[in-house]
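Enquirer: sequence and predicted model, in that order:
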Amino acid sequence: MINKQEILKVQNLHVNINNKEIITGLNLVINKGEIHAIMGKNGSGKSTLAKVISGHPSYEITKGNIFFKNEDITHEQPENRAHRGIFLAFQYPIEVPGVSNLDFLRLAYNCKQKKLNKKEIDPLSFFELINKELTKIHMDSLFLNRDLNEGFSGGEKKKNEILQMSLLKSELSILDEIDSGLDVDALKNISDNIKKFADKDNAILLITHYEKVINYINPDYVHIMDKGNIVYTGNKKTALNIDKYGYEYFTIKK
């Protein structure tokens with residue numbers, strides 16, 4: 001029997017924002033080598049969970065704990081979580097005029113290197129490194145010289161998030177609706193790159209509304225969220241049943 005190595009454990013988590021409870025006693029365990037997907041109606045708490053795991057300061061944890069690699073990070077600062085190995089790809093990546101994509105990526109990479117007590121990389125060496133990553137995800141090097149996400153299409157922004165994930169090689173990648181607003185070709189490209197990135201040493205938490213991305217990526221587990229909690233856990237066939245019967249099928253089943 002293979003011993004699974006736990007990477008994330010969310011235990012009896014309760015979360016408020018503006019004095020309203022959004023997450024209501026949620027439990028979740030993710031092991032290395034696993035891909036988990038979370039689906040649910042709008043307002044069910046999916047994106048809130050993603051932000052809370054990554055340390056967003058607007059959310060108040062009132063009860064419960066978050067453990068990353070067996071260490072309690074419940075109240076840790078977001079930058080420390082990132083340095084530990086948690087990456088969040090945003091649903092709506094922000095535009096940052098005046099900051100080139102290349103400079104941003106090199107700064108992010110070197111910040112992580114410094115935190116890990118590793119040597120920072122010079123601009124020329126980084127350019128060689130980032131071009132290798134660009135080749136893997138079939139992204140044009142011209143994007144490096146553009147300001148961060150400024151004027152990028154929806155698909156280009158999402159591909160840029162995948163580039164960051166690939167570069168930083170975080171142990172837990174949380175992808176918040178990485179598939180929203182993508183055409184069929186872009187969705188397949190993004191899904192292929194997520195599958196290439198996934199390996200036995202990392203884990204992925206994918207938040208999505210769409211059956212198609214579930215079929216492309218084939219996660220190990222599909223969770224259904226409703227009213228701030230996970231009400232059902234299944235496999236990729238769960239997404240097919242959502243398409244057939246809707247989310248009410250799972251809340252009634254609960």
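Expert: Now that the structure is in, tell me what you want to look at. Numbers count the residues shown, from 1 in each chain.
Enquirer: mean confidence (pLDDT) on the helix or strand harbouring residue 61, please.
Expert: Using DSSP states H and E, residue 61 sits within strand 60-68. When pLDDT is averaged over strand 60-68, the result is 97.
Enquirer: just the buried positions in it, please.
Expert: Going by neighbour count (16 or more other Cβ atoms under 10 Å), the buried part of strand 60-68 is 64, 66, 67, 68. C-beta here means a position set from N, CA and C on the backbone, and glycine is covered the same way.
Enquirer: which of those lies closest to residue 229?
Expert: The shortest approach to residue 229 among the buried residues of strand 60-68 belongs to residue 64, at 11.6 Å (Cβ to Cβ).
Enquirer: touching, the closest one and residue 11? I think so.
Expert: Yes: assessed by Cβ atoms under 8 Å, residue 64 is found in contact with residue 11 at 5.5 Å.
Enquirer: closest to the centroid, which residue in this protein?
Expert: residue 174 (1.5 Å; Cα atoms, centre = their mean).
Enquirer: where does the chain have low pLDDT?
Expert: Within the chain, the segments meeting pLDDT under 70 span 1-3, 251-254.
Enquirer: count the neighbours of the closest residue to residue 70 other than its chain neighbours for me.
Expert: Among residues not flanking residue 70 along the chain, residue 6 sits closest, at 6.7 Å (Cβ to Cβ, 6 or more residues apart in numbering). By other Cβ atoms under 10 Å, 15 other residues sit near residue 6.
Enquirer: for residue 206, same thing?
Expert: 25.
Enquirer: that one belongs to a strand, doesn't it?
Expert: Yes: under DSSP: H, G, I helix; E, B strand; the rest coil, residue 206 falls within a strand.
Enquirer: so what's the residue lying closest to it once chain neighbours are set aside up against?
Expert: Nearest residue to residue 206 in three dimensions, chain neighbours excluded: residue 37, at 4.5 Å (Cβ to Cβ, 6+ apart). Residue 37 makes contacts with 205, 206, 207, 208, 214, 217, 219, 221, 222, 223, 239, as judged by Cβ atoms under 8 Å, 6 or more residues apart in numbering.
Enquirer: excluding chain neighbours, give the residue nearest to the fifth one in space.
Expert: Across the structure, with Cβ to Cβ, 6+ apart as the measure, the residue nearest residue 214 apart from its sequence neighbours is residue 239 (4.0 Å).
Enquirer: what helix or strand is that neighbour located in?
Expert: Going by DSSP H and E, residue 239 is part of helix 237-245.
Enquirer: which residues sit against that helix?
Expert: Applying Cβ under 8 Å, 6+ apart, the contact partners of helix 237-245 are 37, 39, 210, 211, 214, 215, 222, 224, 232, 234, 249, 250.
Enquirer: how far away from the center of its chain is the helix or strand containing residue 132?
Expert: Taking DSSP H and E as the definition, one finds residue 132 inside helix 123-136. Taking the mean of its C-alpha atoms, helix 123-136 sits 23 Å from the chain's own mean (Cα atoms, centre = their mean, to the nearest Å).
Enquirer: and what of stretch 229-249?
Expert: The answer for stretch 229-249 is 20 Å, by Cα atoms, centre = their mean.
Enquirer: ok, residue 40 - contacts?
Expert: 46, 224, 225, 226, 247.
Enquirer: will you turn those into a markdown table that also has neighbour count and secondary structure?
Expert: Converted to a markdown table, the contacts of residue 40 look like this (neighbours: other Cβ atoms under 10 Å; DSSP: H, G, I helix; E, B strand; the rest coil):
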| residue | neighbour count | secondary structure |
| --- | --- | --- |
| 46 | 23 | helix |
| 224 | 27 | strand |
| 225 | 25 | strand |
| 226 | 19 | strand |
| 247 | 18 | coil |
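Enquirer: which one of those is nearest to residue 81?
Expert: For these, the closest approach to residue 81 (Cβ to Cβ) belongs to residue 46, at 18.7 Å.
Enquirer: for the closest one, which non-adjacent residue is closest in space?
Expert: residue 207 (4.8 Å).
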